[in-house]
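Visitor: my questions are about this predicted structure, shown below with the sequence.
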Amino acid sequence: MMQLKNYIDGAFAAPSNGRYLDNYEPATGKVYSLIPDSDATDVARAVAAAKRAFPEWSGLTAAERSKHLMRIANRIEERLEELAAAESRDNGKPYKLACTVDIPRARDNFAFYATAILHDASEAHDMGAQGFNYTLRRPIGVAACISPWNLPLYLFSWKIAPALAAGNTVVAKPSEVTPYTAYLLSEIVHEVGLPAGVLNIVHGTGPGVGEPLVIHPDVPLISFTGGTATGARINTLAAPSFKKLSLELGGKNPNVIFADCDFEAMLRSTLLSSFSNQGQICLCGSRILVERPIYDRFVAEFSQRVAALRVGLPQDPDTQIGAVVSASHRDKIMSYIELAQQEGGRIECGGHRVTLDSAPDGYYIAPTVITGLTMDCRTNQEEIFGPVVTVMAFDTESEALELANATRYGLAATVWTSDLKRAHRVAHEIDAGIVWINSWLVRDLRTPFGGVKQSGIGREGGFEALRFFTEPKNIFVKL
Ligand code: NAD
């Protein structure tokens with residue numbers, strides 16, 4: 001069986017304790033590879049290697065670092081189909097999605113920061129006769145990059161690329177649930193000759209690898225994407241040593257739909273925002289709020305289209321809904337569907353597991369639409385992170401806002417209306433780091449990305465990420 005390896009100090013390495021974890025294929029429910037179950041010893045080796053590599057890497061010119069990153073981007077592009085197949089197999093997402101979204105975006109992350117760093121500059125603050133004042137932005141040292149399983153290489157590279165571009169060295173930990181493309185990335189950086197120790201990839205669990213990395217005294221900054229509870233734990237662990245933190249956490253995003261919207265465009269987009277990647281995107285809208293005059297029509301037509309979505313094998317080109325990522329995640333999602341019914345919810349469609357003849361042990365769930373719940377119930381307050389949405393009616397703009405803002409999360413939102421003034425008004429008032437008007441998930445890598453409230457601290461994307469991965473130093477000289 002394929003055995004993945006860590007990548008430390010420019011070499012592939014087995015975990016020092018010799019232990020491995022099973023890696024399951026969500027489509028079939030079968031184990032298909034083994035992942036290093038690394039521990040603090042491997043983390044210490046990786047941090048030491050990154051620390052040794054830092055002076056030389058941070059001393060390169062931006063143009064030199066840019067060339068290294070561009071080589072990685074190009075190699076991802078050359079291996080796109082292989083990487084997409086690996087991502088789909090590891091995660092359960094449709095191959096088509098991995099091929100058109102995940103892997104191209106991983107390539108773009110490296111290419112974007114390879115070029116962004118060429119346009120980054122220090123600031124000068126002219127003080128006239130008094131003197132000259134300028135601010136340098138310096139790389140910090142060894143950055144920890146910890147990422148989740150839902151968009152594995154996409155989010156892994158979204159952290160690693162700016163960290164390296166800014167001149168830091170990196171110890172990165174992918175999710176133990178989806179380690180495969182991170183392993184292939186280590187092959188790629190090896191192939192393109194990234195200097196040893198600049199990027200180290202250590203596989204394993206949160207407690208086994210994540211925590212030793214977070215508390216390591218030679219790791220001054222941590223970029224984390226994952227669940228809110230894990231973010232809170234990392235925040236607590238990092239606090240005593242005042243590490244710099246960027247936390248991209250969970251969401252419970254509202255779609256606010258007014259009666260005057262373009263109904264057909266809204267319906268098509270809402271299908272995607274609800275169920276893309278089996279609803280396992282932090283930006284998916286899981287609470288659909290619909291203005292009363294179109295509520296009944298929305299529930300009827302939406303449910304009809306949701307019921308027609310094809311659940312199937314990830315590699316099948318006709319599949320729209322693949323497998324959810326793991327048996328435990330499937331069980332968690334199913335428990336929320338049960339809870340929703342106990343809370344008085346009505347299942348408009350879906351609500352059950354799907355058994356495929358060709359893969360009876362795979363983790364499939366029919367996309368599910370639930371109505372009849374109030375906003376304060378657990379189903380509407382807790383992140384389910386699966387193919388499950390709720391629909392509620394509202395009567396006024398202020399009620400829509402009240403419902404939209406009635407959770408502890410604040411990551412993303414969508415607003416559907418033909419009234420331009422209202423679109424902006426509502427977008428301004430929604431508690432969210434990102435609002436899409438009459439659209440969903442249109443991304444521009446230059447823009448700040450992140451959440452408010454318990455959806456996170458800090459922003460990634462564009463120059464925001466380069467700011468996070470550098471420390472400003474202000475210098476004044478008297479003339
Ligand atoms: P998770 O928090 O369980 O795990 C994320 C990563 O953290 C994994 O690599 C895991 O091994 C590691 N980890 C776990 N415990 C740790 C600890 N104590 N110390 C250090 N590291 C630890 O999240 P998940 O289940 O992999 O991903 C789903 C979550 O990620 C959802 O809540 C989703 O909303 C969120 N997410 C957020 C964004 C965003 O940009 N805001 C993007 C994608 C996913």
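Guide: Perfect, thanks for sending it.
Visitor: drop to CA atoms for contacts and neighbour counts, all remaining ones
Guide: OK.
Visitor: please tell me how far the nearest residue to Ala196 once chain neighbours are set aside sits from Glu402.
Guide: Residue nearest to Ala196 in three dimensions, not counting chain neighbours: Gly10, with 4.0 Å by CA to CA, 6 or more residues apart in numbering. Here Gly10 is placed at a distance of 52 Å from Glu402 (CA to CA, to the nearest Å).
Visitor: which one of those two is surrounded by more residues?
Guide: Gly10 (20 against 15; other CA atoms under 10 Å).
Visitor: residue contacts, the more buried one?
Guide: Neighbour list for Gly10: His190, Leu194, Pro195, Ala196, Gly197, Leu199, Asn200 [criterion: CA atoms under 8 Å, 6 or more residues apart in numbering].
Visitor: so what's the residue count around the third one?
Guide: If I follow you right, that is Pro195. 15.
Visitor: for it, grab phi and psi.
Guide: phi -60, psi 150 (degrees, to the nearest 10).
Visitor: how about the first one?
Guide: The main-chain torsion angles of His190 are listed as degrees, to the nearest 10 and equal phi -70, psi -50.
Visitor: over to the fifth one?
Guide: Backbone dihedrals for Gly197, given as degrees, to the nearest 10, come out at phi 90, psi -10.
Visitor: what sits closest to it if chain neighbours are left out?
Guide: Once flanking residues are discounted, Gly197 sits nearest to Asp9: 4.0 Å by CA to CA, 6+ apart.
Visitor: thought that neighbour was touching Ile201?
Guide: No: using CA atoms under 8 Å, Asp9 is not in contact with Ile201, being 9.4 Å away.
Visitor: so what sits against both of these two?
Guide: Contacts common to Asp9 and Ile201, judged by CA under 8 Å, 6+ apart, are Ala46.
Visitor: more crowded one of these two?
Guide: Ranked by neighbour count (other CA under 10 Å), Asp9 and Ile201 place Ile201 first, with 25 against 22.
Visitor: now do the same end-to-end measure for stretch 56-68.
Guide: End-to-end for stretch 56-68, by CA to CA: 14 Å.
Visitor: that stretch: which residues count as buried?
Guide: Trp57, Ser58, Ala62, Arg65, Ser66, His68 (16 or more other CA atoms under 10 Å).
Visitor: secondary structure element holding the first one?
Guide: This points to Trp57. helix 40-59 (DSSP states H and E).
Visitor: contacts for that helix?
Guide: Contacts for helix 40-59 (CA under 8 Å, 6+ apart): 8-9, 15-16, 65, 139, 141-142, 166-171, 195-202, 208-209, 212-213, 216, 218-219.
Visitor: toward the C-terminus from that helix, list the very next helix or strand.
Guide: Once the chain leaves helix 40-59, the following helix or strand, as judged by DSSP H and E, is helix 62-78.
Visitor: now do that next one and helix 40-59, the angle between them.
Guide: Relative orientation of helix 62-78 and helix 40-59, computed by axes from the mean of the first three to the mean of the last three CA atoms, to 10 degrees: 120 degrees.
Visitor: please list the outside residues in contact with stretch 232-252.
Guide: Here stretch 232-252 makes contact (CA under 8 Å, 6+ apart) with 211, 214-215, 217, 219-228, 231, 282-283, 285-287, 380-383, 407, 409-412, 450-451, 454-460, 468.
Visitor: can you rerun that using 7 Å?
Guide: 214-215, 220-228, 231, 282, 285-287, 383, 409-411, 450-451, 455-458 (CA atoms under 7 Å, 6 or more residues apart in numbering).
Visitor: what's the mean pLDDT across stretch 120-138?
Guide: Averaged over stretch 120-138, pLDDT sits at 94.
Visitor: try stretch 1-12
Guide: 97.
Visitor: in that stretch, what's buried?
Guide: Buried-residue list, stretch 1-12, by 16+ other CA under 10 Å: Leu4, Lys5, Asn6, Tyr7, Ile8, Asp9, Gly10, Phe12.
Visitor: any chance of JSON lines for those residues, columns distance to Ser274 and secondary structure?
Guide: Shown next, in JSON lines, are the buried residues of stretch 1-12 (distance: CA to CA, whole Å; DSSP: H, G, I helix; E, B strand; the rest coil):
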{"residue": "Leu4", "distance to Ser274": "33", "secondary structure": "coil"}
{"residue": "Lys5", "distance to Ser274": "35", "secondary structure": "coil"}
{"residue": "Asn6", "distance to Ser274": "35", "secondary structure": "strand"}
{"residue": "Tyr7", "distance to Ser274": "36", "secondary structure": "strand"}
{"residue": "Ile8", "distance to Ser274": "39", "secondary structure": "strand"}
{"residue": "Asp9", "distance to Ser274": "42", "secondary structure": "coil"}
{"residue": "Gly10", "distance to Ser274": "41", "secondary structure": "coil"}
{"residue": "Phe12", "distance to Ser274": "39", "secondary structure": "strand"}
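Visitor: for Asp126, the count of nearby residues, please.
Guide: When neighbours are counted by other CA under 10 Å, Asp126 comes out with 12.
Visitor: of all the buried residues of stretch 1-12, which comes closest to Trp149?
Guide: Leu4 (16.4 Å; CA to CA).
Visitor: ok, for the closest one, nearest residue in space, not its chain neighbours?
Guide: In space, and not counting its chain neighbours, Leu4 is closest to Ile35: 5.2 Å by CA to CA, 6+ apart.
Visitor: try Asn405
Guide: Here the residue nearest Asn405, using CA to CA, 6+ apart, is Asp431, at 5.8 Å.
Visitor: before we move on, the earlier item: reformat the buried residues of stretch 56-68 as a markdown table; add distance to the ligand and pLDDT.
Guide: A markdown table is the format used below for these (distance: CA to the nearest ligand atom, whole Å; pLDDT from 0 to 100):
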| residue | distance to the ligand | pLDDT |
| --- | --- | --- |
| Trp57 | 25 | 98 |
| Ser58 | 26 | 98 |
| Ala62 | 27 | 98 |
| Arg65 | 26 | 98 |
| Ser66 | 25 | 98 |
| His68 | 25 | 98 |
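Visitor: and the helices in the stretch 151-300 of the chain?
Guide: For the stretch 151-300 of the chain, helices defined by DSSP state H, counting those that start in this stretch occupy the ranges 152-165, 180-191, 211-215, 228-238, 263-275, 292-307.
Visitor: let me fix that, I meant to ask about the stretch 351-479 of the chain.
Guide: 378-381, 397-404, 420-429, 462-468.
Visitor: quick one: contacts of the last one?
Guide: Spelled out, it's helix 462-468. Pro162, Ala166, Leu445, Arg446, Thr447, Pro448, Arg459.
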